[in-house]
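> Sequence unavailable; structure follows:
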């Protein structure tokens, strides 16, 4: 039986992205078998090179240097893109067009090219030219406004949700566009805005506003309408989240804390009463949790099938047997930092699982392989381009 090829074997991606969203998109594709060639400015590399996130979000890629500010560099870039299935970029909208490298121009010689374009506000609309990073996108998406406590200013979430969310949507868009190309033979653009990635994950906030005309206020760890679900402190000072918001899980929780009669308590049934008296039910649960250690509470809740988990720090994650069993903490040898802990591959495919082929590349490490092996330049031509600052 012939060996099983990776899911994206035969797909070539040119990544002209920098910082987080675009490199992350490209690396997701690389982890499932796409060949990803990262294009960076000569000598300096992209803006994020040297940071820890560069090492993680560019793993499994190849690196070539290329000066897009000169005519020779742009001509060489076009030759490179002519060999590709996908181009990923996150320049400001209009930058590619200003260089004469807009998607329509590139498809004159590569009609099947999929161009993934990631920007703060998208390629269209009145704000398309505004600058944005993750934090700005979070504010614009509405998530910052609802994060935190009502008596204090909004706070940012702890992860770079806009950047990484946009990278995921961009990778999905690239695959959808490639599938469409199977039917039409034509490439297309994939337009992803940082804020839209977060907005698309906002749940029913828009529907709620549309029905009531009111913005949802910040409410700390309590989410209106999701009861019981809160964070509680155990007897040994740990933070435990309990989320028992279906009727069946609520019944299990009441049994677990030794108060099955709460299911029939008029304060908590029917469900509208439970929602109205969320502070009362949370107080009862809080009292029970406070009388138990984390280990005791978790054991009881697990025995009754109640969804609950300690609030994990990274130190907990990297030592947790479940994370390790699912290969969600891996170690890559970085030439810059040495062994680096990183998250594993998501999702897990049963027949063609992803793999991390190597660490983030050194700047220009694949110039000869790509320019001579792929584009057919001679070593002498490559050296001359280097002397002129083109590569």
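Alright, I've got the coordinates. Everything quoted here is computed from the prediction, not taken from an experiment.

> Run a quick neighbour tally on residue 40.
Other residues within reach of residue 40, judged by other Cβ atoms under 10 Å, total 22. Just so you know, the C-beta spots here come from the backbone N, C-alpha and C atoms, and that holds for glycine as well.

> count of residues packed around the nearest residue to it once chain neighbours are set aside?
Spatial nearest neighbour of residue 40, excluding adjacent residues (Cβ to Cβ, 6 or more residues apart in numbering): residue 46 at 4.8 Å. Using other Cβ under 10 Å, residue 46 has 21 other residues around it.

> Residue 46 contacts residue 16, correct?
No - under the criterion of Cβ atoms under 8 Å, residue 46 makes no contact with residue 16, lying 9.1 Å away.

> Give me the domain ranges for this protein.
12-201+325-387, 229-310 (automatic domain parsing).

> In CSV, list these along with mean pLDDT.
Shown next, in CSV, are the domains of the chain (pLDDT from 0 to 100):
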stretch, mean pLDDT
domain 12-201+325-387, 97
domain 229-310, 98
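
> what about residue 17, distance to residue 40?
Note on residue 17: its distance to residue 40, by Cβ to Cβ, to the nearest Å, is 10 Å.

> do residue 266 as well
The value you get for residue 266 to residue 40, if Cβ to Cβ is used, is 66 Å.

> same deal with residue 370?
From residue 370 to residue 40 the distance is 12 Å (Cβ to Cβ).

> list the residues that contact both of the two?
Residues touching both residue 370 and residue 40 by Cβ atoms under 8 Å, 6 or more residues apart in numbering: residue 64.

> check contacts around the most centrally placed residue in the chain.
Centroid-nearest residue in the chain, with Cα atoms, centre = their mean: residue 164, separated by 2.6 Å. Residue 164 makes contacts with 20-21, 24, as judged by Cβ under 8 Å, 6+ apart.

> which among the residues you listed end up buried?
Among the contacts of residue 164, those classed as buried by 16 or more other Cβ atoms under 10 Å are 20-21, 24.

> Secondary structure and distance to residue 10 added to the residues you listed, as JSON lines?
What follows is the buried ones among the contacts of residue 164, written out as JSON lines (DSSP: H, G, I helix; E, B strand; the rest coil; distance: Cβ to Cβ, whole Å):
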{"residue": "20", "secondary structure": "coil", "distance to residue 10": "27"}
{"residue": "21", "secondary structure": "helix", "distance to residue 10": "25"}
{"residue": "24", "secondary structure": "helix", "distance to residue 10": "22"}
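
> Of all the domains of the chain, which one is nearest residue 210?
Minimum separation from residue 210 across the domains of the chain (Cβ to Cβ) falls at domain 12-201+325-387, 13.7 Å.

> So for that closest one, first residue to last residue, what's the gap.
End-to-end span of domain 12-201+325-387 (Cα to Cα, to the nearest Å): 28 Å.

> gap between that domain and the chain center?
Distance of domain 12-201+325-387 from the chain centroid (Cα atoms, centre = their mean, to the nearest Å) equals 12 Å.

> tell me which element the residue nearest to the centre of the chain falls in.
Per DSSP states H and E, residue 164 falls inside helix 161-184.

> For that helix, which residues meet the burial criterion?
Neighbour count says helix 161-184 has 161-171, 173-175, 177-178, 181 buried, by 16+ other Cβ under 10 Å.

> How about stretch 76-89?
Buried residues in stretch 76-89, defined by neighbour count with 16+ other Cβ under 10 Å: 76-78, 80-81, 84-89.

> Now secondary structure too, for these, in JSON lines please.
Below are these laid out as JSON lines (DSSP: H, G, I helix; E, B strand; the rest coil):
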{"residue": "76", "secondary structure": "helix"}
{"residue": "77", "secondary structure": "helix"}
{"residue": "78", "secondary structure": "helix"}
{"residue": "80", "secondary structure": "helix"}
{"residue": "81", "secondary structure": "helix"}
{"residue": "84", "secondary structure": "coil"}
{"residue": "85", "secondary structure": "coil"}
{"residue": "86", "secondary structure": "strand"}
{"residue": "87", "secondary structure": "strand"}
{"residue": "88", "secondary structure": "strand"}
{"residue": "89", "secondary structure": "strand"}
